[in-house]
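K.L.:
sequence plus the predicted model coming up.
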Amino acid sequence: MATPDPLIRGIDRILIHTQDVERVFARFRHEFGLPIAWPLADCGLLVSGGLYTGNMTVEIGRFTGLGLPGTWFYGLGFAPWQPTWEMVEGLSSRKILHASPLTLHYESPFVMQSTLTFLRDFLDGQPNTAFWLGRGNTRVGRALSSLRTWMAGTEAGSKTFSMLLGSSLVFICDNHSNPHQARINELRATWRETGRHGPYGITGIAGVDIEVSNDLGCWKRLLDRPDLNADSIHSFGTGPLLRFHPGEENRLLGIEFACADLPSVTQQLRDQRSLVSADEKRVTLSPGRMDGLTIGFSQSPTTSLDTT
């Protein structure tokens, strides 16, 4: 049997959901010294801003009408190898359950469009059953995709859509607006020249951590990794690692920044009394400092963390 073409290029973004978007966005930018990928903007369904980390984006946002309190790692977005509808056919062939794609449009401060294809059964707290109606590259699937996109651009439609959401999302994000991609390319070039960023000397994101309790069947099919288990680390070749941890839930645990000088970061956090744990390979920032989020640091490897 021929090996299918890979679906996933790497991790595109992690989405932090919070009701206090402005404050958390500003806090993240100040704490880590990250450049803005796009400033806070309203696309109807989602108010969000993005911060560039060198090899992926941290998006901080709030879904219209989703009144869940707190701040947490809500969503994980992957970058596809192929355009949306070709990728959808790949999902169908792998028997990965998914919703019809939805395109979000940001018109200000610059045009940005992202088509999101949400994946089912990856994390706990997923959207309810009605959210998943219609899938595949079919006439019905494309019609529902157009309807979802229209709904997401209206106030009433956005609120209706948000009523179907749960407390987590996994999605594939096809970024296809030239101004946005030009901005990311500009940031990537500047990042490479600078080498390290912010008070912690960040060089990129080393990994995204996920707790898993099920049989990982959907992850195996998505990543083309039949050998995957609850202790696996998945590499995309470049960019952040995807690291699995056994547990009682299926949820996003946190992120780990790579930094140029881990001992220096350790001392900074110790002096600020913001250190939870530390060893030779990793230190963890006090969750109370960042609204309960688990964020770690590790020494940057000698190889590049850039994505291409």
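P.N.:
Arrived safely.
K.L.:
helices along the stretch 151-300 of the chain, start to end?
P.N.:
155-163, 178-194, 217-223, 262-271 (DSSP state H, counting those that start in this stretch).
K.L.:
ranking those by burial, who's on top?
P.N.:
helix 217-223 (a mean of 19; mean count of other C-beta atoms under 10 Å). For glycine as for every other residue, the C-beta is placed from the backbone atoms N, C-alpha and C.
K.L.:
what about it, distance to the chain center?
P.N.:
17 Å (C-alpha atoms, centre = their mean, to the nearest Å).
K.L.:
state the mean pLDDT of that helix.
P.N.:
With pLDDT averaged residue by residue, helix 217-223 scores 96.
K.L.:
quick one: contacts of that helix?
P.N.:
Helix 217-223 is contacted from outside by 7-8, 94-97, 119-122, 212, 225-226, 228, 234, 242, 244, using C-beta atoms under 8 Å, 6 or more residues apart in numbering.
K.L.:
out of these, which end up buried?
P.N.:
Buried by 16 or more other C-beta atoms under 10 Å: L7, I8, I96, L119, R120, D121, F122, V212, L228, H234, L242, F244, out of the contacts of helix 217-223.
K.L.:
from A206, how far off is the last one?
P.N.:
So the one you mean is F244. Remark: distance between F244 and A206 (C-beta to C-beta, to the nearest Å) = 15 Å.
K.L.:
just to revisit the earlier point, could you list which of the contacts of helix 217-223 belong to strands?
P.N.:
Counting by DSSP state E, the part of the contacts of helix 217-223 found in strands is I8, L119, V212, H234, L242, F244.
K.L.:
hmm, the fourth one is touching L216, no?
P.N.:
It refers to H234. No - using C-beta atoms under 8 Å, H234 is not in contact with L216; the gap is 10.8 Å.
K.L.:
and stretch 94-103, how far out from the chain's middle?
P.N.:
Its chain's C-alpha centre and that of stretch 94-103 lie 17 Å apart, by C-alpha atoms, centre = their mean.
K.L.:
no no, stretch 206-218
P.N.:
Distance, stretch centre to chain centre, for stretch 206-218: 14 Å (C-alpha atoms, centre = their mean).
K.L.:
cool, stretch 238-251 as well?
P.N.:
Centroid displacement of stretch 238-251 relative to its chain, using C-alpha atoms, centre = their mean, is 13 Å.
K.L.:
contact partners of that stretch?
P.N.:
10-11, 55-56, 73, 122-125, 168, 204-214, 216, 219, 223, 228-236, 253, 255, 304-308.
K.L.:
out of these, which are buried?
P.N.:
Buried, going by 16+ other C-beta under 10 Å: 10-11, 55-56, 73, 122-123, 168, 204-212, 216, 219, 223, 228, 230, 232, 234, 236, 253, 255, 305, 307, out of those.
K.L.:
tell me which residues in stretch 130-150 are buried?
P.N.:
For stretch 130-150, by 16+ other C-beta under 10 Å, it's F131, W132, G134, R135, N137, G141, R142, L144, S145, R148, T149.
K.L.:
measure the fifth one to H17 for me?
P.N.:
When you say that, I think you mean N137. In this view, N137 and H17 are 29 Å apart by C-beta to C-beta.
K.L.:
same deal with the first one?
P.N.:
Between F131 and H17 the distance is 16 Å, computed by C-beta to C-beta.
K.L.:
just the third one next, same as before
P.N.:
Using C-beta to C-beta, G134 is found at 25 Å from H17.
K.L.:
what's the end-to-end length of stretch 236-245?
P.N.:
18 Å (C-alpha to C-alpha, to the nearest Å).
K.L.:
kindly report the same for stretch 53-73.
P.N.:
This stretch, stretch 53-73, spans 16 Å end to end (C-alpha to C-alpha).
K.L.:
quick one: contacts for F32?
P.N.:
F32 makes contact with L51, H197, G198, P199, Y200, I202, F257, according to C-beta under 8 Å, 6+ apart.
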